[in-house]
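**Q** 3D, please:
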Amino acid sequence: MTDDLGWFSEETATFGDRLAGAREAAGMDQKALAEKLGVKTNVISGWENDLKEPRANRLQMVSGILGVSITWLLTGEGDGPDAPDDQIVLSNDLLDMLAEMRSLRGQIAQTGENLARLEKRLRAALKDPT
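**A** Model prediction:
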């Protein structure tokens, strides 16, 4: 959902602020997000406090899990969560389905990266079969 009012715009919020807002809008705590990404909770805390930045592959996974665009996370422009006043209350069943979909999207992204690495190794092995 595009944020027309600039609630998480570059002028108003940092990457860490947007990450924390998207995580909270997805109904997750830092521990849950860390588990889905395969990192420690202090890594998420570092990102949200703007002490560290995620690598591109983790950034892609975060965006998939939280259902926001990478551009929004980085700049505040694009698809992000609604401002708090605009949020719709969803049933637990719907929230569970959304969380599962986000998790699957992150797993698919990770599997795609693994497949690309394997393909690169195979191509190298075919060029030099020794």
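
**Q** how far away is residue 73 from residue 60?
**A** 10 Å (C-beta to C-beta, to the nearest Å). From N, CA and C alone the C-beta is placed, and that goes for glycine too.

**Q** stretch 27-41: how far from the chain's middle?
**A** 11 Å (C-alpha atoms, centre = their mean, to the nearest Å).

**Q** start at 31 instead
**A** Noted, 31 is the first residue going forward, which turns the last one into stretch 57-71.

**Q** who does the longest helix seen in the chain touch, helix- and strand-wise?
**A** Identified as the longest helix of the chain according to DSSP state H is helix 122-157. Contact here means 3 or more C-beta pairs under 8 Å, 6 or more residues apart in numbering; DSSP states H and E; on that basis helix 122-157 packs against helix 60-67, helix 86-96.

**Q** now the angle from that helix to helix 60-67?
**A** Here the directions of helix 122-157 and helix 60-67 differ by 30 degrees (axes from the mean of the first three to the mean of the last three C-alpha atoms, to 10 degrees).

**Q** tell me the buried residues in helix 122-157?
**A** For helix 122-157, a neighbour-count test (16 or more other C-beta atoms under 10 Å) marks 129, 132, 135-136, 139-140 as buried.

**Q** picking that back up, go through the helices and strands packed on helix 122-157 and pick out the most buried.
**A** Across the helices and strands packed on helix 122-157, the average number of neighbours (mean count of other C-beta atoms under 10 Å) peaks for helix 86-96, which reaches a mean of 20.

**Q** state the next helix or strand along the chain beyond it.
**A** Once helix 86-96 ends, the next helix or strand along the chain (criterion: DSSP states H and E) is helix 100-105.
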